[in-house]
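1. Provided below for reference: sequence and predicted model.
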Amino acid sequence: MDKIALTAGALYVIVLLRAGGTFAVGWLAGAGARRSRFAERISSTKFRHAERAIQRWGAPVVAVSFLTVGFQTAANFLAGSMRMPLRRYLPALLVGGAAWALIYATAGLGVLEVLGRLFAEQTALGVSAVAVLLLAVCGVVMYRRRRAAQSCGEAVAEES
């Protein structure tokens, strides 16, 4: 239990610094980012979805964003760039960050222990499991990139 508490504590500090820093960068950038070289990244689909969700739901979106992959950075940056008041942002950061740290500490340590045992007891099976995991991640990344390229191509065709 001490290992989980220590890991969760370390991850909590990391997420507070990372997400808080992303919020601060968004706060400082504000509207200027939309006119800079980052304008293309900020106008991506992920950022537009995050911005609409934050405008509609506010701080709960920031808290829930920590339970997603890839959405939390956009949500924190946009909350900063949209000048979400700190009295609303900080509770969302504290709650969402705690949930993120606990999930990653428990599930992350569990996965590492299982993989460690698997490699120690059945190395070939462990290597196979890691290879399958890597192939699955590569497949998801390729699928998402193709889908994004197709939607980008459709948008270009619609503009013509």
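-> Yes, it's here.

2. Give me the neighbour count for residue 75.
-> Applying other CB atoms under 10 Å, we find 29 residues neighbouring residue 75. C-betas here are computed from N, CA, C, even on glycine.

3. pLDDT on the helix or strand where it lies, on average?
-> With secondary structure defined by DSSP states H and E, residue 75 is part of helix 71-81. Model confidence over helix 71-81, given as mean pLDDT, is 87.

4. Which SSE is immediately downstream of that helix?
-> Tracing the chain C-terminally past helix 71-81 and defining elements by DSSP H and E, one meets helix 86-121 next.

5. so how far is that next one off the chain centroid?
-> Per CA atoms, centre = their mean, to the nearest Å, the displacement of helix 86-121 from the mean C-alpha position of its chain is 13 Å.

6. Equivalent analysis for stretch 84-93, please.
-> Stretch 84-93 has its average C-alpha position 18 Å from the chain's average C-alpha position, going by CA atoms, centre = their mean.

7. Provide the contact partners of the helix holding residue 75 at residue level.
-> Outside of helix 71-81, the residues within contact range by CB atoms under 8 Å, 6 or more residues apart in numbering are 19-20, 22-31, 33, 42, 46-47, 49-51, 53-54, 59, 61-62, 65-66, 89, 92-93, 96, 100.

8. State the distance from residue 8 to residue 65.
-> Remark: distance between residue 8 and residue 65 (CB to CB, to the nearest Å) = 19 Å.

9. which ones are touching the residue nearest the centre of the chain?
-> Taking CA atoms, centre = their mean as the criterion, residue 70 is the residue nearest the geometric centre of the chain, at 3.3 Å. Residues near residue 70 by CB under 8 Å, 6+ apart: residue 46.

10. distance of it from residue 123?
-> As it turns out, when the distance is counted by CB to CB, residue 70 lies 33 Å from residue 123.

11. repeat for residue 149
-> Distance, residue 149 to residue 123, by CB to CB: 39 Å.
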